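Undergrad: Mind folding the following:
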Amino acid sequence: MKFSELVRLLEKNDFAIVKQKGSIRYYGKTEWDKLIRVDYHGAKEVPTGTCHSILKAAGIRSK
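TA: Numbers count the residues shown, from 1 in each chain. All right, here's what the predicted structure looks like:
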């Protein structure tokens, strides 16, 4: 999965950028108490462990 696909998946699940500094983006949504940190690198592939960690923190089940 690419970083851009991961961001689209987060946005599809109602997450939005709360703050950004450089390539580091923090996503959140109203009923979620913690922020999801994504070090955005566009078209690069997300390392498998990082992808699972981000999806788990967001409460999204990976396929």
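Undergrad: what's the pLDDT at I54?
TA: Here, the pLDDT recorded for I54 equals 94.
Undergrad: That one and F3 touch, don't they?
TA: No - between I54 and F3 there is no contact under Cβ atoms under 8 Å: 9.9 Å. The C-beta positions use only the backbone N, C-alpha and C, and glycine is treated the same way.
Undergrad: what sits in contact with each of these two?
TA: When contacts are counted by Cβ atoms under 8 Å, 6 or more residues apart in numbering, the set common to I54 and F3 consists of V38, V46.
Undergrad: Below-threshold pLDDT in the chain: ranges please.
TA: Along the chain, segments meeting pLDDT under 70 span 62-63.
Undergrad: Which parts of it are helices?
TA: Counting by DSSP state H, one finds helices in the chain at the ranges 3-12, 48-58.
Undergrad: Including mean neighbour count and distance to I24, could the ones you listed go into CSV?
TA: As requested, the helices of the chain are exported to CSV (neighbours: other Cβ atoms under 10 Å; distance: least, Cβ to Cβ, whole Å):
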stretch, mean neighbour count, distance to I24
helix 3-12, 16, 12
helix 48-58, 15, 13
